[in-house]
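Visitor: Starting from these lines, generate the structure:
(2 chains)
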Amino acid sequence: MFWDVIGTCLSPVAAAAALRLSCPLIIGSTGGCFNEKTSTGNLAYECFMLTGAFFGAYGSYLTGSPLMGSLLAIVSGLVLAAIYGVLVYHLNCNAIIVSVAYNSAAWALTTLLLVVVWNTRGQFNDPSIVSYSNLEWAFLKPFPALDMIFNYNILMVYFAFAFTFIGYIVMYKTPFGLRLRGVGINPDAAQAAGINVRKYRWICLIIMGASMGLAGSYMPLCGMSLFSENMTRGRGFLCLTSTLVGKGHPIRTMFVALLFGYANAMTLVLSTYGIPTQIIGMLPYVMVLIVLLSVGIKNYKGGADISGDTL
Amino acid sequence: MPDNRALDGTIRKFFSPDVGIGIARYILSFAGVLILGSILIMAQGEDPIRAARLIVYGALGNLVAIGNSLRWAMPCMLTGAASIIAMKSGVINLGIEGQMYVGAFTAAVLGWAVRLPPGVHVVVCIAGAGIAGVAWAIVPALMRLFLSVNEYVTTMMMNFIATLFCDYFVVWMIIPSSGITTTTAATPPIASGARLSTLIKGTSCSTGLIIGIAVCLLVCILYKYTIKGYELKQVGENLKFAKTGGVNVKKTFIIIFVLSGFLGGLSGGVEVTGGYYRYVSGFSYTMGWEGIMIANICNNNPIGLIFASIVWGGLKTGAMSMERGTTLNRLTVNLLQMFFVILVSINYEGIFRYFADRMKKRRQARRFLEGENRGGKSACSGM
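Guide: You can find the predicted model right below:
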């Protein structure tokens, strides 16, 4: 049985599931990289994602087009990010408190909207929520493994990788990205060099809100056509963690997100072997701790101290 | 006359603009929530005044209602105190929820599987819960201290692991071995000797309330009158100063986490021994996160925490009565509570200062201009 489990873990089926499940994590955490690089102190990833998921489903339900659903999700992310920006940058709220309140409010807000709009509690499943259709590539057909992994995905999966690449280019190859990184490393020095720090934080917050909204809209529109209460189940926190582990570098962050997506896929694959679902469900979170531990041990300088940079 | 001067000082302190802003902060936030709440309730086609009346009646209407309000205030006090200890020292403990689950699970297992004399049993259960919370909180603390891994990610991940870990034991170990069939994932009820006695009959308001208030007072004394409390606060406010002053920063850091985790676990233990009498899967429903928010509402003041918790518990009970009386969902109140948290955390003092500054500058500019005009005229006449 042990070898069966290992075999299943390494099979193309698991890889295909991992690719699909890590898509929202990749999109979200690429947006999160901008957020992380300018140190906006925003932890409300879960909130943006959950509202994005609801409005993605709602937009698709209203218009019958998944693209409009994603657009509405992006707009919802933008609105929430704008409110966050006003509260934290202009009214000087504590960023962590606002984030915690946001995360808690998102659950209440989406469940309330579920009741108000569709008059159901728990989950809403309806064919009127039109999902994205799968794309087919004929040239992949001769290779069964590649066919299984890279074919029949929705547009967003391919977009996720493109988005990461765009993020990398913007952040590391343009003057805008240089200034942005400068703001993150030393805001005072950036201010002295004539960069409007608040403007850069605003731009990054907006990018993060939009991409988290888009990432949220993946979940109802990836083929399930349903919205359920607390649909994201901590995926926003996984986005946050992958940006922190990747230290805001889009490509590195993408690989961390893929790892978490793989751990998520394990929960689906391994449940057929009779392993308790609770143990499998722990996998992504334990994986986070293992990744953090291994990075921490790699950077271990000896001795204990609490000042200085954290991971 | 020293007495008179002291009185004078007190009066001045109470009527100073700072206190005024402090009160205005709550009044403005409350007004904001009332407006937003009316809009939210009217949007759902209900009468806001009727809903508000139902909330107040449900929270304070009779003895049972008051008892239930106090029962829900109980966990808020403990999680809030756990959060205050972390916040005052500049540590972010987002893992109170997880510590609470582990504590509750430990208390439920100890209360069910162990046989002890009645008085001792409760104490063992609650202490065990606290120690379990410490065990859960010490992992992020050590990771931060030795490997400089940011504590807010680890504490958050430990939350998810805690809920799944407890559920695993309940579903796969305890339910099969106890031989009972239940539809919900819950442990068998704890022994009657392991239960906290009820304070108000007919409600689940138990002696846990006294524990909660005692903890708040102890936290207050710790920070106000002891050297250790000063050291804890110093580490958060000015790390370099604390180091130069000879505080053992590493030890203090561990103490912060141990205390915070202990109170987090304790809140779970009190929930089980004083409220549910067993561990129910998913019982907390964001209670741990609420602790962080309540601590912010009362501005990290342990005495304020008692009142904030009672209001919070009252709103929770009132929301249920509102849900029974109207077509509104109780999540409406939940949403309004979050609005209140956000509105209270706005820096009104800064805004007030900003406008006061601007007024002052404008006045100065006007005076300067007036002076210049007069000066210019005199200079002209002099020519």
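
Visitor: low-confidence ranges in the stretch 101-250 of chain B?
Guide: B:179-183 (pLDDT under 70).

Visitor: which residue does it bring closest to chain A?
Guide: Relative to chain A, the nearest point of the stretch 101-250 of chain B is residue B:147 (2.9 Å; Cβ to the nearest Cβ). Backbone N, C-alpha and C define where each C-beta goes, glycine included.

Visitor: Hmm, residue B:90 and residue B:232 touching each other?
Guide: No - applying Cβ atoms under 8 Å as the test, residue B:232 and residue B:90 come out as separate, 9.8 Å apart.

Visitor: Check which residues of stretch A:27-40 are buried.
Guide: A:27-38, A:40 (16 or more other Cβ atoms under 10 Å in any protein chain shown).

Visitor: neighbours around residue B:294, how many?
Guide: Here the number of neighbours of residue B:294 (other Cβ atoms under 10 Å in any protein chain shown) works out to 25.

Visitor: Run through the residues of the stretch 101-250 of chain A sitting next to chain B.
Guide: Proximity of the stretch 101-250 of chain A to chain B (Cβ under 8 Å from any Cβ of the partner chain) is limited to residues A:101-105, A:107-109, A:111-112, A:115-116, A:234, A:237, A:240-241, A:244.

Visitor: Mind doing that once more with 6 Å?
Guide: A:101, A:104, A:105, A:108, A:109, A:111, A:112, A:115, A:234, A:237, A:241, A:244 (Cβ under 6 Å from any Cβ of the partner chain).

Visitor: can you pick the most crowded of the residues you listed?
Guide: Counting by other Cβ under 10 Å, top hit in these: residue A:241 with 31 neighbours.

Visitor: got a list of what the residue of the stretch 101-250 of chain B closest to chain A touches?
Guide: residue A:296 (Cβ atoms under 6 Å, 6 or more residues apart in numbering or on different chains).

Visitor: Quick check: buried residues in the lowest-mean-pLDDT helix or strand in chain A?
Guide: When each helix and strand of chain A is scored by mean pLDDT, DSSP states H and E, helix A:144-150 comes last, with a mean of 72. By neighbour count on 16+ other Cβ under 10 Å, the buried set for helix A:144-150 is A:147, A:149, A:150.

Visitor: Check which helices and strands the very next helix or strand once past it sits against.
Guide: On the C-terminal side of helix A:144-150, the closest following helix or strand by DSSP states H and E is helix A:155-173. If contacts are counted by 3 or more Cβ pairs under 6 Å, 6 or more residues apart in numbering or on different chains; DSSP states H and E, helix A:155-173 sits against helix A:12-37, helix A:250-270.

Visitor: Not counting helix A:155-173 itself, show me its contacts.
Guide: With Cβ under 6 Å, 6+ apart as the test, helix A:155-173 has contacts from A:23, A:26, A:27, A:30, A:132, A:177, A:218, A:250, A:251, A:254.

Visitor: Please type out the PyMOL selection for whichever of those turn out to be buried.
Guide: In PyMOL, a selection of the buried entries from the contacts of helix A:155-173 looks like this (16+ other Cβ under 10 Å):
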select buried, chain A and resi 23+26+27+30+132+177+218+250+254
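
Visitor: Tell me the one among the contacts of helix A:155-173 nearest to residue A:94.
Guide: residue A:30 (26.7 Å; Cβ to Cβ).

Visitor: mind checking pLDDT for that closest one?
Guide: At residue A:30, the model reports a pLDDT of 90.

Visitor: So it sits against residue A:252, correct?
Guide: No - judged on Cβ atoms under 6 Å, residue A:30 makes no contact with residue A:252 at a distance of 11.1 Å.

Visitor: what helix or strand does residue B:126 sit in?
Guide: Judged by DSSP H and E, residue B:126 forms part of helix B:118-147.

Visitor: Flag every buried residue along that helix.
Guide: B:121-122, B:124-137, B:139-141, B:143-147.

Visitor: Spell out which parts of the stretch 51-200 of chain B neighbour chain A.
Guide: For the stretch 51-200 of chain B, the contact set with chain A under Cβ under 6 Å from any Cβ comprises B:145-150, B:153, B:156-157, B:160-161, B:164, B:167-168, B:172.

Visitor: Could I get the phi/psi values of residue B:214?
Guide: For residue B:214, the backbone dihedrals (degrees, to the nearest 10) come out as phi -60, psi -40.

Visitor: That one and residue B:268: what is the separation?
Guide: Residue B:214 sits 17 Å away from residue B:268, going by Cβ to Cβ, to the nearest Å.

Visitor: of those two, who's got more company?
Guide: Higher neighbour count among residue B:214 and residue B:268: residue B:268, with 37 against 11, using other Cβ under 10 Å.

Visitor: doesn't residue B:103 make contact with that one?
Guide: Yes - contact criterion Cβ under 6 Å: residue B:268 and residue B:103 qualify, at 3.1 Å.

Visitor: ok, and the closest non-adjacent residue to residue 56?
Guide: Since you didn't name a chain, this refers to chain A. residue A:217 (2.7 Å; Cβ to Cβ, 6 or more residues apart in numbering or on different chains).

Visitor: ah, I was thinking of chain B
Guide: Per Cβ to Cβ, 6+ apart, closest to residue B:56 is residue B:318, 6.5 Å.

Visitor: Could you do residue A:151 as well?
Guide: Spatial nearest neighbour of residue A:151, excluding adjacent residues (Cβ to Cβ, 6+ apart): residue A:140 at 4.8 Å.
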